[in-house]
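Enquirer: Sequence below, structure please.
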Amino acid sequence: MKRNFLLQFCIATFFILLHLSVSGQITGFSKIRWSRERIAPGLAWKSSHCILDDSLPQNINILRVNMNKRKISLVHNPSENVRTSIQADQAGAVAAINAGFFPTV
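Expert: Coordinates of the predicted model:
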């Protein structure tokens with residue numbers, strides 16, 4: 001139980017710090033026009049298609065989780081690649097994030 005809470009806290013803290021550091025470093029980040037959608041109680045999705053700081057077009061998606069209303073868990077299959085949608089269905093998830101681009105070594 002404590003381990004699960006610690007993991008949730010670390011994930012939430014990571015995304016909060018990431019948002020703060022990105023918004024302070026990228027010119028125009030605060031001026032992005034966001035589309036917002038409430039997915040379920042305690043779960044909201046924000047997205048934007050924009051060009052920041054004379055870069056290539058960006059597709060930004062943010063999943064906001066109210067930790068008082070929702071539970072977060074991580075699912076990982078080290079033996080094979082499995083589509084995010086299949087893992088989400090098997091876990092009974094309301095939403096899922098594909099994080100396959102993170103280095104695992």
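Enquirer: Which helix or strand in the protein has the lowest average pLDDT?
Expert: When the helices and strands of the chain are scored by mean pLDDT, DSSP states H and E, helix 2-25 comes last with a mean of 60.
Enquirer: Low-confidence ranges, the chain, go.
Expert: The chain contains residues with pLDDT under 70 at 1-10, 12-30, 52-54, 99-105.
Enquirer: Can you list the residue ranges for strands in it?
Expert: For the chain, strands defined by DSSP state E occupy the ranges 35-40, 43-51, 57-65.
Enquirer: Now tabulate those strands in a markdown table and tack on mean neighbour count and distance to residue 71.
Expert: The way it works is simple: take the backbone N, C-alpha and C, and place the C-beta from them, glycine included. Formatted as a markdown table, these follow (neighbours: other C-beta atoms under 10 Å; distance: least, C-beta to C-beta, whole Å):
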| stretch | mean neighbour count | distance to residue 71 |
| --- | --- | --- |
| strand 35-40 | 10 | 12 |
| strand 43-51 | 14 | 11 |
| strand 57-65 | 13 | 9 |
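Enquirer: Using JSON lines, lay out the ones you listed together with distance to residue 75.
Expert: Formatted as JSON lines, the strands of the chain follow (distance: least, C-beta to C-beta, whole Å):
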{"stretch": "strand 35-40", "distance to residue 75": "18"}
{"stretch": "strand 43-51", "distance to residue 75": "17"}
{"stretch": "strand 57-65", "distance to residue 75": "15"}
